[in-house]
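**Q** Okay, sequence plus prediction incoming.
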Amino acid sequence: MACMNGDNSTPWRVLVVDDEPDLVEVLCGALRYEGWEARGAGTGAEAVAEASAWRPDAVVLDVMLPDLDGVEVLRRIHADRPEVRVLFLTARDALEDRIAGLAAGGDDYVTKPYSLAEVVLRLRSLLRRAAPTPPVASEHTLALADLLLDEQSHEVTRGGELIDLSPTEFALLRYLLQHPRQVLSKAQILDAVWSYDFGGQAHVVELYISYLRKKIDHGRTPLIHTVRGAGYVLKAPA
């Protein structure tokens, strides 16, 4: 059964970017088998042009390309379509390289060599999180102290000031707001926000918590607190 886009009528579109044609062909074939639409690009310039013309929902993006590096490709794509999900493919083992991709706006990464099943699983998770939630007639605002999150408009404010969050940051904050004053472990957060087993890479939770703190708490009374050895809790000051 095809996985559908947010309008429930069209398959997800995924752009695969890698300078190895055989890899692109195999990966595109696996995605089409899932019922998605897939296209390939072999250079960063081709990827940027294809993303602008074809309007994919997600991009599988190799870090090492012959002209532009993957981070620069991501920046150019997001300048036009910031909502596009990006899954990095990288042969690099250094943690700093992976964090650089996430910090630039990437949503996830897979380190080569990888299995096709893993790529499909992670893409499915990203795309499901990207799908808009249907409006509900009941209360749709989550609040704590002066922090407000509107689940319908996806607007977040603190003290009346609008705060711009990425889709992943929004999903993380919503989960924290759904469990106020409750200590949440990194494993719980990974399962709820990323929707799959992240292989125990808890530093991704730490990274996104730090992003939220900079946007939500910087210069204000902190709402996000670390409970050493246990996890994180969102609570108003006493």
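**A** The structure has been received and is ready for your questions. Numbers count the residues shown, from 1 in each chain.
**Q** Next SSE downstream of the least confident helix or strand in the chain by mean pLDDT?
**A** Within the chain, no helix or strand scores below helix 95-103, which has a mean of 70 by mean pLDDT, DSSP states H and E. Where DSSP states H and E defines the elements, the next helix or strand beyond helix 95-103 is strand 108-111.
**Q** Could you measure from the residue most central in space within the chain over to residue 169?
**A** In the chain, the C-alpha nearest the mean C-alpha coordinate belongs to residue 107, at 3.1 Å (CA atoms, centre = their mean). Residue 107 sits at a distance of 11 Å from residue 169 (criterion: CB to CB, to the nearest Å). Bear in mind the C-beta positions are built from the backbone N, C-alpha and C, glycine included.
**Q** again, but for residue 195
**A** For residue 195 relative to residue 169 (CB to CB), the value is 16 Å.
**Q** So if I had to pick from these two, which one is more boxed in?
**A** residue 169 (19 against 16; other CB atoms under 10 Å).
**Q** dump the residue contacts of residue 234.
**A** When contacts are counted by CB atoms under 8 Å, 6 or more residues apart in numbering, residue 234 touches 144, 176-177, 179-181, 223-225.
**Q** Not counting sequence-adjacent ones, nearest residue to it?
**A** What sits nearest to residue 234 in space, not counting adjacent residues and going by CB to CB, 6 or more residues apart in numbering, is residue 176, at 4.1 Å.
**Q** Verify the stated contact: that neighbour with residue 225.
**A** No: the pair residue 176 and residue 225 does not pass the contact test of CB atoms under 8 Å, sitting 10.5 Å apart.
**Q** list the residues that contact both of these two?
**A** In contact with both residue 176 and residue 225: 232, 234, using CB under 8 Å, 6+ apart.
**Q** who's more crowded, these two?
**A** Between residue 176 and residue 225, counting by other CB under 10 Å, residue 176 is the more crowded of the two (27 against 14).
**Q** Where does that one fall, secondary structure wise?
**A** helix 167-178.
**Q** is the nearest residue to residue 220 once chain neighbours are set aside in a bridge, and if so with what?
**A** With CB to CB, 6+ apart as the criterion, residue 220 has its nearest non-adjacent residue at 6.6 Å, and that residue is residue 158. Beta-bridge pairing for residue 158 (DSSP bridges): residue 147, residue 161.
**Q** could you pull out the helices for the chain?
**A** For the chain, the helices defined by DSSP state H cover 21-33, 44-54, 70-80, 95-103, 116-130, 167-178, 186-189, 203-212.
**Q** mind listing what's buried in stretch 223-238?
**A** Using 16 or more other CB atoms under 10 Å as the burial criterion, the residues of stretch 223-238 that qualify are 223-224, 231-235.
**Q** err, stretch 166-184, not the other one
**A** Neighbour count says stretch 166-184 has 166-177, 180, 184 buried, by 16+ other CB under 10 Å.
**Q** Please spell out the segments of this protein that come in under the pLDDT threshold.
**A** 1-9, 92-98, 130-139, 196-201, 238 (pLDDT under 70).
**Q** can you count the residues close to residue 216?
**A** 20.
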